[in-house]
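# Got a predicted model here, sequence first, then my questions.
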Amino acid sequence: MSENQCKPFKLLIVGGVAGGASAAARVRRLNAKAEIIMFEKGEHVSFSNCCLPYHLSGTIADSEDLVLMSPESFRRQHDIDARTNSEVTAIDRTAKKVTVKNLLTGESYEETYDKLVLAPGAAPILPGSIAGIHRANVFTVRNVTDIRAIKAAVDQEGIKQIVVVGGGFIGIETAENLKKAGKDVSLIEGLEQIMAPFDYDMVQILHKELDDHNIPLYLKSSVTAIEEGCVKAVKDGKEFTVSADAVIMAVGVAPETALAKNAGLAIGETRGIKVNHNYQTSDPDIYAVGDAIEIYNALTHSYGRLALAGPAQRQARAAADHICGIHHNNRGFIGSSCIRVFDQNAASTGLNEKMAAKAGYTYDSVLIFPSDKVGIMPDSNYMVFKLVFEVPTGLILGAQAIGRGAADKRIDVIAAMITMHATLEDLKELELCYSPIFGTAKDVVNFAAMVGLNILYGNYRQVHVNEVRSLVESNAYIVDVREEEEFAEGHLNGAHNVPLSQLRQRMDEIPRDIPVYLHCRSSQRSYYALCCLRGNGYRNLYNISGSYLGISLYEYYNDKTEHRTPILDHYNFY
């Protein structure tokens, strides 16, 4: 036990929820004599902010269930003085005291400290460039008070059409739950895709899922005005209007750094509070954790911000430990997250391709469609799994998974492997649990590693799904090795059908003097065909990653919304 775990000291904490409340509780566990005061400017000091959207659909029926602990509970259980409706307005670092304003009475007072933890979080962005942004029917989602206000508004008679602006976690979860509540929901996103952690090829599955559930999705669109009964936006220079009885703004969050900045604390390049290895700010007696800080990315070797509850709680524990004299081994973050979009579970960890390129990695990726459990099980479905790895080391950089099964389970495995600096070889040999109702003997992640090693070691060459359109449009020689009845149900324009079951008898039909691109339903049979052809002297061969499933999912939404000429005569998603 360290000396700091025995002697009394006074700790002030600014902000509750994941960061502040976790730091307070951890310090109390380590030191029974410390005086701990926590200030929260909202009316609730501890609540489940990640569960807020699920109150809109009634999944969480009572909003009181969102509140995890009251000030009275903190006092009784932990001897922590939690003060709500209390805003810390200034820090005097020389005198080691803060100014606190009681938001109910308007009165201000001062409290001294030995140590101070800042956990102010991040505030939803309300772009001032949008006319009408402060109308009464415009809402944000940050706390229980916000979600109660939204619920009360949308439950009013005649409130039917809701526009959600922003396609991140909060925007998608809010849109889904409002749709489940029976509302007509539209979603506007400024970028070319929703859910930035996913690569463009993967996110098309989520675009289709929103489309399948009748949520119009306006991509590459910027809101210009919110008026009575509608939202005005612009895309490619053309203005359009979307009907709206209420608007939910979820375009992102900005770190709450004013208090720290006014106190002269260092702010990082990404506009978060700058902290060191132990989450100390530029003042060693002041710590900062959570959404407001800038932290180290273990994969890009750069600093960034991460608004997730799990990392915030770990940061809070580390800061509390250091305050009490306990060493902390800071490994940085890798960024793991998951979301449900109606019937699809989606998860990601580490770097996607965009991030890997920006970080300067030489990398490649594989896209596979294996079964999430043994195929004859009645609830078996394919899982779309993408694995990103460094070339030539095979170091695992990131992964994304989407499917009706346990996508989060597979991504958790990859997150652990990344943390341990594992390679494709390590992942190939990873021994995992198996039962037909949970997975396959060769799990999705093992399968991905094997495909990745084939690419890494040059056992065959692949074409990524985003390159297929140009192949079709240039009349490349594409061979579909699915059976004839499968080919008849839908195929790439201009593809030649030579079923795997007939390949050895019809091999002479396939040219040897030009590149040949093979595909099937999921790239497995086309890999078998490639091996067969290679064994018979063919050399200029490519396997199309993702094959017909991947191409259908990649092309469908853009073909429909951008009115492109399809490269398939029929989309097949199963």
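Perfect, thanks for sending it.

# Stretch 178-194 - what's its average pLDDT?
Model confidence over stretch 178-194, given as mean pLDDT, is 97.

# measure it end to end?
From the first residue to the last, stretch 178-194 extends over 17 Å; the measure is C-alpha to C-alpha, to the nearest Å.

# buried sites along that stretch?
Along stretch 178-194, these residues count as buried under the neighbour rule (16 or more other C-beta atoms under 10 Å): 178-181, 183-190, 193-194. Glycine gets a C-beta too; all of them are placed from N, C-alpha and C.

# Now do the same contact list for the nearest residue to V45 once chain neighbours are set aside.
When the adjacent residues along the chain are set aside, V45 lies closest to G16, with 3.7 Å between them (C-beta to C-beta, 6 or more residues apart in numbering). Contacts here follow C-beta atoms under 8 Å, 6 or more residues apart in numbering; on that basis G16 touches A24, M38, E40, G42, H44, V45, S46, A82, A119.

# Could you check how far G16 is from A307?
With distances defined as C-beta to C-beta, to the nearest Å, the gap from G16 to A307 amounts to 16 Å.

# Y361 reaches E353, doesn't it?
No: taking contacts as C-beta atoms under 8 Å, Y361 lies outside contact range of E353: 9.5 Å.

# Turn the buried residues of stretch 178-194 into JSON lines, columns for secondary structure and distance to G167.
Listed next are the buried residues of stretch 178-194 as JSON lines, based on DSSP: H, G, I helix; E, B strand; the rest coil; distance: C-beta to C-beta, whole Å:
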{"residue": "L178", "secondary structure": "helix", "distance to G167": "14"}
{"residue": "K179", "secondary structure": "helix", "distance to G167": "14"}
{"residue": "K180", "secondary structure": "helix", "distance to G167": "18"}
{"residue": "A181", "secondary structure": "coil", "distance to G167": "19"}
{"residue": "K183", "secondary structure": "coil", "distance to G167": "17"}
{"residue": "D184", "secondary structure": "strand", "distance to G167": "18"}
{"residue": "V185", "secondary structure": "strand", "distance to G167": "12"}
{"residue": "S186", "secondary structure": "strand", "distance to G167": "12"}
{"residue": "L187", "secondary structure": "strand", "distance to G167": "6"}
{"residue": "I188", "secondary structure": "strand", "distance to G167": "8"}
{"residue": "E189", "secondary structure": "coil", "distance to G167": "4"}
{"residue": "G190", "secondary structure": "coil", "distance to G167": "9"}
{"residue": "Q193", "secondary structure": "coil", "distance to G167": "7"}
{"residue": "I194", "secondary structure": "coil", "distance to G167": "3"}
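
# closest to K7 among these?
Closest to K7 out of the buried residues of stretch 178-194 is I194 (51.1 Å), distances taken as C-beta to C-beta.

# tally of neighbours for the residue nearest to that closest one when sequence neighbours are not counted?
What sits nearest to I194 in space, not counting adjacent residues and going by C-beta to C-beta, 6+ apart, is G167, at 3.0 Å. By the measure other C-beta atoms under 10 Å, the count of residues near G167 is 27.

# give me every residue that touches G167.
Neighbours of G167 in contact, by C-beta under 8 Å, 6+ apart: L187, E189, L191, Q193, I194, M195, L217.

# ok, now L206?
Counting by C-beta under 8 Å, 6+ apart, L206 has contacts I172, I194, M195, F198, V341, Q344, A346, I402.

# cutoff 6 Å now
By C-beta atoms under 6 Å, 6 or more residues apart in numbering, the contact list for L206 reads V341.

# Alpha carbons of the helix or strand containing it, as CSV, please.
Assessed by DSSP states H and E, L206 sits inside helix 200-212. These are the backbone C-alpha positions of helix 200-212, laid out as CSV (Å, rounded to 0.1, in the frame of the first residue of the first chain):
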residue,chain,number,x,y,z
TYR,A,200,-16.8,2.1,-47.8
ASP,A,201,-17.1,-1.4,-49.1
MET,A,202,-18.3,-2.6,-45.7
VAL,A,203,-20.7,0.2,-44.9
GLN,A,204,-22.8,-0.4,-48.0
ILE,A,205,-24.4,-3.3,-46.0
LEU,A,206,-25.6,-0.8,-43.4
HIS,A,207,-26.8,1.6,-46.1
LYS,A,208,-28.9,-1.2,-47.5
GLU,A,209,-30.2,-2.1,-44.0
LEU,A,210,-31.5,1.5,-43.5
ASP,A,211,-33.0,1.4,-47.0
ASP,A,212,-34.6,-1.9,-46.3
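
# Going toward the C-terminus from that helix, what's the next helix or strand?
The C-terminal neighbour of helix 200-212 among helices and strands, as given by DSSP H and E, is strand 217-218.

# now for that following strand, which elements pack on it?
Counting contacts by 3 or more C-beta pairs under 6 Å, 6 or more residues apart in numbering; DSSP states H and E, strand 217-218 is packed against no other helix or strand.

# returning to what we had before: adding distance to S70, write the contacts of G167 out as a markdown table.
Rendered in a markdown table, the data for these read as follows (distance: C-beta to C-beta, whole Å):
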| residue | distance to S70 |
| --- | --- |
| L187 | 35 |
| E189 | 37 |
| L191 | 40 |
| Q193 | 41 |
| I194 | 36 |
| M195 | 35 |
| L217 | 40 |
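
# Now flag whichever of the residues you listed is closest to G546.
Within the contacts of G167, proximity to G546 (C-beta to C-beta) peaks at Q193, which comes in at 17.1 Å.

# Where does pLDDT dip in the stretch 51-200 of the chain?
Within the stretch 51-200 of the chain, no stretch has pLDDT under 70.

# Where do the strands of it begin and end?
Across the stretch 51-200 of the chain, reading from the start of the chain, the strands by DSSP state E, counting those that start in this stretch fall at 67-69, 81-83, 86-92, 97-102, 108-112, 115-118, 122-124, 138-139, 161-165, 184-188.

# Tell me which of those is the most buried.
When you average the neighbours per residue for each of the strands of the stretch 51-200 of the chain (mean count of other C-beta atoms under 10 Å), strand 115-118 leads with a mean of 27.

# show me the residues around A90 that make contact.
For A90, the contact set (C-beta under 6 Å, 6+ apart) comprises T99.

# Distance check, it against S108.
The gap separating A90 from S108 is 9 Å, by C-beta to C-beta.

# Next, format the strands of the stretch 51-200 of the chain as TSV and append distance to V203.
Rendered in TSV, the data for these read as follows (distance: least, C-beta to C-beta, whole Å):
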stretch	distance to V203
strand 67-69	32
strand 81-83	40
strand 86-92	39
strand 97-102	44
strand 108-112	47
strand 115-118	35
strand 122-124	23
strand 138-139	26
strand 161-165	17
strand 184-188	13
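
# Buried residues, stretch 346-365. List them.
For stretch 346-365, a neighbour-count test (16+ other C-beta under 10 Å) marks 346-353, 355-356, 361, 363-365 as buried.

# Can I get those in a markdown table including distance to A529 and secondary structure?
Shown next, in a markdown table, are those (distance: C-beta to C-beta, whole Å; DSSP: H, G, I helix; E, B strand; the rest coil):
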| residue | distance to A529 | secondary structure |
| --- | --- | --- |
| A346 | 31 | strand |
| A347 | 32 | strand |
| S348 | 31 | strand |
| T349 | 33 | strand |
| G350 | 32 | strand |
| L351 | 32 | coil |
| N352 | 30 | coil |
| E353 | 27 | helix |
| M355 | 34 | helix |
| A356 | 30 | helix |
| Y361 | 32 | coil |
| Y363 | 27 | strand |
| D364 | 22 | strand |
| S365 | 22 | strand |
